[in-house]
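Peer 1: got a sequence here, can you build the structure:
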Amino acid sequence: MFTRILVPLDGSELAERALPLAQSISRSSNAAIDLVQVVSRLPELEAGRTGDSILVADLERDAARQLVEARVTRGKEYVSRVAAQLEEAGIEVTTALLEGGAAENIVDYTREHGIDLVVMSTHGFGGLKRLLLGSVTDRVIRSCEVPVLVVPCS
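Peer 2: Okay, here's the model as predicted:
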């Protein structure tokens, strides 16, 4: 029924709660799993907006760039480690590390890579906290053209 399943990961145990369900669906339909982690560029974009001297702004941009590079390196290692576990279980896995907004990248990835199911977890925020922080899962559900299976936080 499904051929490619996307599991977005952010490095948290909560996000990994989607893996057993995705693995089960993968086994029953012989589907490949795509693991994606999105790294934000926000620190780099915000650096240098303090109005300080050019030297300070350059130092802030360099520090932000190093932070993003460290996140990218850790993200690649993490996604590769999770992929190895799935491959040991006999599942075909593709990995990707993307940069930018999480929800937008997830939705774009589904379109560009023939994904036909997204399996992801949610923090389960409600009320004011959800309004203020937003929800990547909520934005993916509203924007995605394929089914999104949500694993609750509890």
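Peer 1: backbone phi and psi for A31, please?
Peer 2: phi -90, psi 150 (degrees, to the nearest 10).
Peer 1: where's it relative to P20, distance?
Peer 2: Per Cβ to Cβ, to the nearest Å, A31 is found 15 Å from P20. Placement of C-beta: from N, CA and C, glycine included.
Peer 1: neighbour count winner among those two?
Peer 2: Neighbour count, other Cβ atoms under 10 Å: between A31 and P20, A31 has more, with 20 against 11.
Peer 1: is it true that that one touches V7?
Peer 2: No - using Cβ atoms under 8 Å, A31 is not in contact with V7, being 11.2 Å away.
Peer 1: was I right about V36 contacting T110?
Peer 2: No - judged on Cβ under 8 Å, V36 makes no contact with T110 at a distance of 9.5 Å.
Peer 1: buried ones in the longest helix that the chain contains, by neighbour count?
Peer 2: Longest helix in the chain by number of residues (criterion: DSSP state H): helix 54-88. Across helix 54-88, burial judged by 16 or more other Cβ atoms under 10 Å covers 60-61, 64, 68, 71, 75, 78-79, 82-83, 86.
Peer 1: for the record, mean pLDDT for it?
Peer 2: Mean pLDDT, computed over helix 54-88, is 85.
Peer 1: roughly how far is the next helix-or-strand element following it from the heart of the chain?
Peer 2: Sequence order places strand 93-99 as the next helix or strand after helix 54-88, per DSSP states H and E. The chain centroid and the centroid of strand 93-99 are separated by 9 Å under Cα atoms, centre = their mean, to the nearest Å.
Peer 1: name the residues that touch strand 93-99?
Peer 2: 32-41, 68, 72, 75-76, 79-80, 83, 86-87, 105, 109, 113 (Cβ atoms under 8 Å, 6 or more residues apart in numbering).
Peer 1: and that strand, which strands flank it?
Peer 2: strand 32-39 (parallel) (DSSP bridges).
Peer 1: tell me the helices and strands packed up against the longest helix of the chain.
Peer 2: On a contact count with 3 or more Cβ pairs under 8 Å, 6 or more residues apart in numbering; DSSP states H and E, helix 54-88 meets strand 4-9, helix 19-29, strand 32-39, helix 42-46, strand 93-99.
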